[in-house]
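**Q** Okay, structure incoming, though there's no sequence with it:
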């Protein structure tokens, strides 16, 4: 492991609609084969960035979130670790902290910009860190890396992996606002989301990023929160149909980028398929329950996990690992581990055209 020497620490506060974290500048000797992990996305990947926003505290800031692994709430929407936490472990990296977390950070290992509730489009949720704002934070971090590493910064960014989970909130928002949208309106909206996502990817490419990994949109209509609004608890087809349209368009867009941008490589983990399999046959994957959440109240325990900090009653299962879902829209740590294993080392039917391990090991010239 390379030696680390701090020369000075400068507190930088930048305003771009949201407050950036204090950033300590340091000089690092950068190992030749270090592969950092930069994470962008939504609540499936957010390790606690939303805790540092000037908004109403997230339920994930309170018990019982985090109870299984951390023994305290960390801002993660799960009883324990998320997919990126396991991926960092597989990459021999420390757990990647929230970008907005105050104090010095080792950006040579990576950073996590994901924000619960975020979409590709800012209008999906103005109260959180949308993908464009996450990208602005990423650019701020790149400036810090340039100071730390000088010429080595460009090589580090080229070797790094950029892991995304984004889009699901855009489609849930669209469905809520446009329940009876026509097929052409759905396709138009998917085109807008993918178009903006492509712009973001090209910006990362322009800054040196070459290795892109996606967890695609999930089975949105079969979340406990979606089931709670249907007759007899059936899956809601329309949100899932939007996710399928998105996933097809995402695969096409990434293939086109690989063809047009020298050195651009990607991997897509089929999150939609993995959740479908566990929903259809939970016992095959070690789960006893795949419809009802471990934590919450109402039909399918779809809401109010944590009881809004004691203001409302809620139920909590005894063994979270028996459940696919911890709350109305987020998996348990056991589910997240299984998903991470598929993303990291799964075959072409799970993660294609290469898995994340293969993407990490690629030498980009």
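**A** Yes, it's here. From a predicted model like this one, the values you see are computed outputs, not experimental measurements.
**Q** alpha carbons only for contacts and neighbour counts from here, please
**A** Noted.
**Q** where does the protein dip in pLDDT?
**A** The chain contains residues with pLDDT under 70 at 1-32, 309-310.
**Q** Nearest residue to the middle of it?
**A** With distances taken as Cα atoms, centre = their mean, the chain has residue 45 as the residue nearest its mean C-alpha position (3.0 Å).
**Q** tell me the SS of it?
**A** coil (DSSP: H, G, I helix; E, B strand; the rest coil).
**Q** list the contacts for the closest residue to it other than its chain neighbours?
**A** Closest residue to residue 45 apart from its sequence neighbours, by Cα to Cα, 6 or more residues apart in numbering: residue 114 at 5.8 Å. Contact partners of residue 114, counting by Cα atoms under 8 Å, 6 or more residues apart in numbering, are 39, 40, 41, 42, 43, 45, 46, 47, 49, 98, 129, 134.
**Q** Could you do residue 191 as well?
**A** residue 249.
**Q** The host helix or strand of it: what's the following helix or strand?
**A** Using DSSP states H and E, residue 191 sits in helix 183-206. Note on helix 183-206: by DSSP H and E, the next helix or strand toward the C-terminus is strand 211-215.
**Q** neighbouring contacts of that following strand?
**A** By Cα under 8 Å, 6+ apart, strand 211-215 touches 158-166, 264-271, 343, 356, 359-360.
**Q** out of these, which are inside strands?
**A** Applying DSSP state E to the contacts of strand 211-215, the entries found in strands are 161, 162, 163, 164, 165, 265, 266, 267, 268, 269.
**Q** So which of those is the closest to residue 85?
**A** Nearest to residue 85 among the ones in strands among the contacts of strand 211-215, counting by Cα to Cα, is residue 163 at 11.7 Å.
**Q** The closest one bridge partners, please.
**A** residue 39, residue 213 (DSSP bridges).
**Q** Just confirm it contacts residue 38, I think it does.
**A** Yes - between residue 163 and residue 38 there is a contact at 6.2 Å, judged by Cα atoms under 8 Å.
**Q** got the buried residues for stretch 92-100?
**A** 93, 95, 96, 97, 98, 99, 100 (16 or more other Cα atoms under 10 Å).
**Q** Contact partners for the fifth one?
**A** Read that as residue 98. Neighbours of residue 98 in contact, by Cα under 8 Å, 6+ apart: 46, 47, 48, 49, 111, 112, 113, 114.
**Q** which among the buried residues of stretch 92-100 gets closest to residue 62?
**A** Closest to residue 62, out of all of these and judged by Cα to Cα, is residue 98, at 16.9 Å.
**Q** Okay, and the beta partners of that closest one?
**A** The partner residues for residue 98, given DSSP bridges, come to residue 112.
**Q** For residue 58, see how far away it is.
**A** 15 Å (Cα to Cα, to the nearest Å).
**Q** Check residue 277 too.
**A** 30 Å.
**Q** any chance of the contacts of residue 114 in TSV, with distance to residue 119 too?
**A** Rendered in TSV, the data for these read as follows (distance: Cα to Cα, whole Å):
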residue	distance to residue 119
39	14
40	10
41	8
42	7
43	10
45	13
46	13
47	16
49	15
98	17
129	8
134	10
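**Q** and which of those residues is nearest to residue 295?
**A** Using Cα to Cα, those come closest to residue 295 at residue 43, 16.4 Å.
**Q** In CSV: the buried residues of stretch 92-100, plus distance to residue 211.
**A** Formatted as CSV, the buried residues of stretch 92-100 follow (distance: Cα to Cα, whole Å):
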residue, distance to residue 211
93, 17
95, 20
96, 18
97, 20
98, 21
99, 20
100, 24
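**Q** and which of the residues you listed is nearest to residue 227?
**A** Distances from residue 227 to those, taken by Cα to Cα, are shortest for residue 98, at 31.1 Å.
**Q** Thought residue 323 was touching residue 289, still the case?
**A** Yes - using Cα under 8 Å, residue 289 is in contact with residue 323, at 4.9 Å.
**Q** Counting neighbours, go ahead and name the busier of the two.
**A** residue 323 (25 against 19; other Cα atoms under 10 Å).
**Q** Look up how far residue 254 lies from that one.
**A** Relative to residue 254, and taking Cα to Cα, residue 323 is found at 33 Å.
**Q** and the gap between the residue nearest to the centre of the chain and residue 88?
**A** 12 Å.
**Q** What of residue 64?
**A** 24 Å.
**Q** between those two, who's got more neighbours?
**A** Legend: neighbour count by other Cα under 10 Å for residue 64 and residue 88, higher for residue 64 (22 against 19).
**Q** OK, contacts around the more buried one?
**A** Counted by Cα under 8 Å, 6+ apart, residue 64 has contacts 72, 73, 79, 305, 306.
**Q** quick one, phi/psi of the third one?
**A** Main-chain dihedrals, residue 79, degrees, to the nearest 10: phi -80, psi -10.
**Q** Not counting its neighbours along the chain, what's nearest it?
**A** residue 66 (4.3 Å).
**Q** For burial, what's the neighbour tally of that neighbour?
**A** Neighbour tally, residue 66, other Cα under 10 Å: 23.
**Q** and it, what does it touch?
**A** Here residue 66 is in contact with 72, 73, 74, 75, 76, 77, 78, 79, 80, 81 (Cα under 8 Å, 6+ apart).
**Q** Quick check on it: phi, psi?
**A** Given degrees, to the nearest 10, the pair of backbone angles that residue 66 has is phi 80, psi 0.
**Q** returning to that earlier point: quick one: buried residues of the helix holding residue 191?
**A** So for helix 183-206, counting by 16+ other Cα under 10 Å, buried means 186-187, 189-191, 193-195, 197-198, 200-202, 204-205.
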